[in-house]
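# following is a predicted model, sequence given first.
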Amino acid sequence: MLNPEHLQSLDPSVRAYIEGLQTQLSASHQTIEATLAQIARKDQEIHLRQTKIDKLTLELAVLKRFRFGKRSEQMTSEQRSLFGNPPFIKGAQK
């Protein structure tokens with residue numbers, strides 16, 4: 001920035017131009033600060049949403065494993081008896 005004493009020694013039209021540029025610079029700085037604050041809020045929101053997605057994805061995987069896992073596919077003795085103990089069923093008697 002120019003020193004005020006140096007500014008006073010300049011032509012009035014040049015001084016007005018420089019002061020206008022300083023005002024624009026100050027306004028641009030405020031706009032940048034507001035934009036950075038908005039970006040920080042959006043980043044935090046994205047992080048929270050991604051954490052929620054990760055949590056739900058893990059929960060879904062656990063529920064799928066519980067529902068469709070190996071243990072849930074095994075037949076009970078009552079279910080095996082309905083097939084008359086064919087040889088392709090694990091645990092069937094020959």
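Looks like it arrived, so ask away. Here the structure is a predicted model, which means the values were calculated and not measured.

# distance of residue 22 from residue 4?
11 Å (Cβ to Cβ, to the nearest Å). Backbone N, C-alpha and C define where each C-beta goes, glycine included.

# between those two, who's got more neighbours?
Between residue 22 and residue 4, counting by other Cβ atoms under 10 Å, residue 22 is the more crowded of the two (13 against 7).

# how far out from the middle of the chain is the helix ranked longest in the chain?
The longest helix of the chain (DSSP state H) is helix 12-68. Helix 12-68 sits 12 Å away from the centroid of its parent chain (Cα atoms, centre = their mean, to the nearest Å).

# where does this structure dip in pLDDT?
For the chain, the stretches with pLDDT under 70 are 1-2, 70-73, 83-94.

# if we use 90, what do you get?
For the chain, the stretches flagged by pLDDT under 90 are 1-16, 18-19, 64-94.

# what is the burial count for residue 75?
If you count neighbours by other Cβ under 10 Å, residue 75 ends up with 14.
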